[in-house]
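S.K.: Would you be able to build a 3D model of this:
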Amino acid sequence: MKKIFCFMLSALIIVFSAGGCLAAERIALMLEGADPVAMPNSFNGICCSGLEMARERYGRKIQTEVYNAYGDAALLEPLLREASSESDLVIITSSLYVPALRAVKDEFPDCTYVVFDSRGMEGVTNIVFREEEGGFLAGVLAAMMTGEKDMARINGDFVIGIILGEDVPPARRFKLGYRAGSWYTSPGVEVLCEYTGSFTDASKVAAAARKLSRGGADVIFCAAGPASLSAIKDAVSGGWWCIGVDSELETEFPDAVLASVVKRSGHVVARVIENYMDGKLPKDSFSIGLAEGCMDISTWTRESKMNVPVEIRDKIDEIAEKIKNGLIVINEKSYGGVSAS
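M.R.: The predicted structure is shown next:
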């Protein structure tokens, strides 16, 4: 009887041991550009914060790795291939990886891919941020603030600007929304635009801001990634106001930034991992924006309230609700027929 009991006990120990040694899910986060450690408030830094939230929640159930091409296009495909060979789930946060993904994904049929800013790619989960909604609110804010003649650095020319980095779909959507929001609020306001070709070259963004200022722009939406900080740092001496992007930059630069278009990429990364771990990650395309709590403009911060009049903040809140409820639809045929080109 003792031998039988000991055998059963040993079997139970083996079963529990096997259950406790299930392999961790291997998750890769693909970044492009800014160093998330050096720039924690950048888009990449916020994505990494979502990965950290998942680590805290799942502990040893997941193993994570971060890959970053740091602006080197030649590294995009090799990095993605390496991540795919060593991961169960690959989260791609930059559309610059999309050509590489098309070339690589069929080699790794057991790997699950989630890609930001891609539409219609079969066999992967495509997530598109509706940047045009955040851009629209930024355009509303800029068009209303450029009419505040009693405010420092507002010159009365009714000209606003936008600085973008590389010519990629998210940048085009920001531009489309910004121009549409400006026209919706004040059709007579002129909108100037500059592409720098880089999300990391601060000198190009600073030069673009100076050029926009010479053209009369007194409010500039700085949507060129982490390089935008150069335009923000020059704002007071240069004579313009900025609208930030990705995180609430007015809390760091209250004399330069009116508010920021907040793109909650960290929240999205954490939710993607949660859905994957629960077996609920869809393999299709969907978009996220204001209604899903993944995009907003930070007129709620103390610093923004100091610089943006309450009637303008209330108007932005009203318009944001209309966007959420589908009463304002932003495309190239609406609000003056503005184009993202």
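S.K.: Next up, the contacts around Leu137.
M.R.: Contacts for Leu137 (Cβ atoms under 8 Å, 6 or more residues apart in numbering) come out as 177, 181, 261, 296-297, 316, 319-320, 323. The way it works is simple: take the backbone N, C-alpha and C, and place the C-beta from them, glycine included.
S.K.: Distance-wise, check it relative to Ser298.
M.R.: 10 Å (Cβ to Cβ, to the nearest Å).
S.K.: so what sits against both of the two?
M.R.: Val261.
S.K.: ok, then the element right after the one helix or strand in the chain whose mean pLDDT sits lowest?
M.R.: Lowest on mean pLDDT, DSSP states H and E among the helices and strands of the chain sits helix 2-20, with a mean of 40. Using DSSP states H and E, the next helix or strand after helix 2-20 towards the C-terminus is strand 25-31.
S.K.: Which elements pack onto the helix or strand just after that next one?
M.R.: Next in sequence after strand 25-31, counting helices and strands by DSSP H and E, comes helix 43-58. Packing partners of helix 43-58 (3 or more Cβ pairs under 8 Å, 6 or more residues apart in numbering; DSSP states H and E): strand 25-31, strand 62-68, helix 265-277.
S.K.: and of those, who's closest to Gly216?
M.R.: helix 265-277 (33.2 Å; Cβ to Cβ).
S.K.: so what strands line up beside the helix or strand that that closest one is followed by?
M.R.: The helix or strand immediately downstream of helix 265-277 is strand 285-288, counting by DSSP H and E. With DSSP bridges as the test, strand 285-288 is paired with strand 125-129 (parallel).
S.K.: quick one: the strand it pairs with to chain centroid distance?
M.R.: On the basis of Cα atoms, centre = their mean, to the nearest Å, strand 125-129 sits 12 Å off its chain's mean C-alpha point.
S.K.: Pro282 - how many residues pack around it?
M.R.: As a burial measure, Pro282 scores 10 neighbours (other Cβ atoms under 10 Å).
S.K.: Please determine how far it is located from Ala83.
M.R.: In terms of Cβ to Cβ, Pro282 sits 21 Å off from Ala83.
S.K.: Equivalent analysis for Asn275, please.
M.R.: Counting by Cβ to Cβ, the gap from Asn275 to Ala83 is 19 Å.
S.K.: Identify the bridge partners of the residue nearest in space to the middle of the chain.
M.R.: For the chain, the residue nearest the mean C-alpha position is Lys263 (4.3 Å; Cα atoms, centre = their mean). As for beta bridges, Lys263 partners with Met295 under DSSP bridges.
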